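J.: sequence unknown, structure follows:
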């Protein structure tokens, strides 16, 4: 039986950005400035801390946001995770097994 029919809620989806949910743009950051972040953990990015400067820059400059996003994706693509016996799966993220 599919998850949507068994009541588990696993198939429930919600857009994380309500204005342009099907576009890849900087509207997410504009929403944060308007205090319309969907999740509290998102809104914390614009709450008087160090990330405010980045949120403001990305909300004003789609070009900067896209450029930084591309750079970050390339860096993440270069990460070589440890696998097999060289790697460890932590039982609790904040403690080494």
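T.: Now that the structure is in, tell me what you want to look at. Just so it is clear, the model here is predicted, and its values are computed rather than measured.

J.: got the contact list for the most centrally placed residue in the chain?
T.: Residue closest to the average C-alpha location in the chain (C-alpha atoms, centre = their mean): residue 42, at 8.1 Å. Going by C-beta atoms under 8 Å, 6 or more residues apart in numbering, residue 42 touches 16, 28, 32. Heads up, the C-betas are built off the backbone N, CA and C, glycines and all.

J.: Which is the succeeding secondary structure element to the helix or strand where it lies?
T.: Assigned by DSSP states H and E, residue 42 falls within helix 40-43. Later in the chain than helix 40-43, the nearest helix or strand by DSSP H and E is helix 52-60.

J.: For that following helix, buried residues please.
T.: 55, 58-59 (16 or more other C-beta atoms under 10 Å).

J.: check contacts around the nearest residue to residue 16 once chain neighbours are set aside.
T.: Leaving aside its chain neighbours, residue 16 sits nearest to residue 38 (5.5 Å; criterion: C-beta to C-beta, 6 or more residues apart in numbering). Residues near residue 38 by C-beta under 8 Å, 6+ apart: 14-18, 31.

J.: among those residues, who's most crowded?
T.: Comparing these by number of neighbours (other C-beta atoms under 10 Å), residue 31 comes first, having 22 neighbours.

J.: Now do the contacts for it.
T.: Per C-beta under 8 Å, 6+ apart, neighbours of residue 31: 17-19, 37-38.

J.: so which strand or helix has the closest residue to residue 59 other than its chain neighbours?
T.: Excluding the flanking residues, the one nearest residue 59 by C-beta to C-beta, 6+ apart is residue 29, at 4.0 Å. Using DSSP H and E, residue 29 sits in helix 27-33.

J.: So which bits of the helix holding residue 42 are buried?
T.: Neighbour counts over helix 40-43 (16+ other C-beta under 10 Å) mark residue 42 as buried.

J.: can you give me how far stretch 77-92 is from the chain middle?
T.: 21 Å (C-alpha atoms, centre = their mean, to the nearest Å).

J.: Quick one: mean pLDDT for stretch 87-97?
T.: Rounded to a whole number, the mean pLDDT of stretch 87-97 is 84.

J.: Run a quick neighbour tally on residue 68.
T.: There are 14 residues near residue 68, going by other C-beta under 10 Å.
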